[in-house]
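J.: here is a sequence with its predicted model. Questions after.
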Amino acid sequence: MSDDQHDEEQTRDDFADAVNMTASQLKEWLDTDGSKEVGQKPDGGGESTGHESGRHIVAILEKKQGDYTDDDYAHMRKVVGYVARHAKQEPKGDSHDSKWRWSLMNWGHDPEK
């Protein structure tokens, strides 16, 4: 196995560990007001970075592994990093309806799972 193949395998494994929502669960979540309410938006509003990421994650989850592009692998690594960093920032108290949880869900990770 080449280094590139090993890196891709590691990326897929890390992505599978970070993203614990199915494509259909994530699609359903992305249609909610809560999903659209959280995250950083470009100047002037529009879609948040996390919401856009969620749409890319759905596309990745719906692809066959052999169809992954370099852009998909780059996004998988971005998702893994975001989930790892953001998960450590859990607020005190009930986080069920928190912007913290909703933001993670936009990135395909439901901390309650």
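T.: Structure received. Values in this document were obtained by computation on a predicted structure and should not be read as measured data. Residues are numbered from 1 along each chain as shown.
J.: only C-alpha atoms for contact and neighbour calcs from this point on.
T.: Fine.
J.: pLDDT on the longest helix seen in the chain, on average?
T.: Longest helix of the chain, by residue count under DSSP state H: helix 70-87. Here helix 70-87 scores 98 as its mean pLDDT.
J.: and it, what does it pack against?
T.: helix 3-18, helix 49-61, helix 99-106 (3 or more CA pairs under 8 Å, 6 or more residues apart in numbering; DSSP states H and E).
J.: just the CA trace of the longest one, in CSV.
T.: By that I understand helix 3-18. Output of helix 3-18 as CSV, limited to C-alpha atoms (Å, rounded to 0.1, in the frame of the first residue of the first chain):
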residue,chain,number,x,y,z
ASP,A,3,1.6,6.3,1.4
ASP,A,4,-1.2,8.0,-0.5
GLN,A,5,-3.5,5.0,-0.2
HIS,A,6,-2.7,4.7,3.5
ASP,A,7,-3.4,8.5,4.0
GLU,A,8,-6.7,8.1,2.2
GLU,A,9,-7.6,5.0,4.3
GLN,A,10,-6.8,6.9,7.5
THR,A,11,-8.8,9.9,6.3
ARG,A,12,-11.8,7.7,5.6
ASP,A,13,-11.5,6.0,9.0
ASP,A,14,-11.2,9.3,10.8
PHE,A,15,-14.2,10.7,8.9
ALA,A,16,-16.3,7.7,9.7
ASP,A,17,-15.5,8.1,13.4
ALA,A,18,-16.3,11.9,13.3
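J.: tell me what it is packed against?
T.: helix 70-87.
J.: pLDDT score assigned to the residue nearest to E62 when sequence neighbours are not counted?
T.: Once flanking residues are discounted, E62 sits nearest to A23: 6.8 Å by CA to CA, 6 or more residues apart in numbering. On the pLDDT scale, A23 is placed at 98.
J.: just checking, A23 touches K63?
T.: No: under the criterion of CA atoms under 8 Å, A23 makes no contact with K63, lying 10.3 Å away.
J.: neighbour-wise, which of the two wins?
T.: For A23 versus K63, neighbours defined as other CA atoms under 10 Å are more numerous around A23 (19 against 11).
J.: that older thread, pick the most buried one from the helices and strands packed on helix 70-87.
T.: Of these, the one with the most neighbours on average (mean count of other CA atoms under 10 Å) is helix 99-106, at a mean of 23.
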